[in-house]
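Colleague: Sequence unavailable; structure follows:
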């Protein structure tokens with residue numbers, strides 16, 4: 001009878017050790033996955049520019065009225081007439 005109790009106790013101790021070992025491996029795997037995700041995110045952020053870019057806006061044809069009341073079309077800008085200045089250059 002004492003041998004049976006000892007074997008049950010020994011089995012519980014071995015199970016507890018096995019359970020804690022699996023738990024620590026799972027935590028290590030989770031930490032490794034989070035680290036890889038963080039590295040991927042940093043790599044992706046390093047590739048994308050941080051500066052806000054202001055893109056030129058192409059305006060469609062606009063109709064207006066001149067002083068005589070006649071309907072006239074306002075000339076729209078072409079892409080060669082649009083100039084882009086970065087916000088850093090504009091502030092300097």
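Modeller: Cool, the structure landed. None of these values were measured; they are calculated from a predicted model.

Colleague: and the top helix by length along the chain, what does it pack onto?
Modeller: Ranked by number of residues, the top helix in the chain under DSSP state H is helix 2-47. Contact here means 3 or more CB pairs under 8 Å, 6 or more residues apart in numbering; DSSP states H and E; on that basis helix 2-47 packs against no helix or strand. All C-beta atoms are positioned from the backbone trio N, CA, C, and that covers glycine.

Colleague: three-state assignment of residue 57?
Modeller: Recorded secondary structure, residue 57: coil (DSSP: H, G, I helix; E, B strand; the rest coil).

Colleague: burial count for it?
Modeller: A count of neighbours around residue 57, defined by other CB atoms under 10 Å, yields 7.

Colleague: ok, now residue 46?
Modeller: Number of residues near residue 46 (other CB under 10 Å) recorded here: 8.

Colleague: ok, it - contacts?
Modeller: By CB atoms under 8 Å, 6 or more residues apart in numbering, no residues touch residue 46.

Colleague: Any stretches of the chain with poor pLDDT?
Modeller: By pLDDT under 70, the low-scoring segments of the chain are 47-51, 53, 59-92.

Colleague: Mind doing that once more with 90?
Modeller: Scanning the chain for pLDDT under 90 picks out 41-92.

Colleague: burial count for residue 12?
Modeller: Per other CB under 10 Å, the neighbour tally for residue 12 reads 10.

Colleague: so how far is residue 23 from it?
Modeller: 16 Å (CB to CB, to the nearest Å).

Colleague: and what of residue 41?
Modeller: 27 Å.

Colleague: who touches residue 16 in this structure?
Modeller: By CB under 8 Å, 6+ apart, the contact set of residue 16 is empty.

Colleague: All set, thanks.
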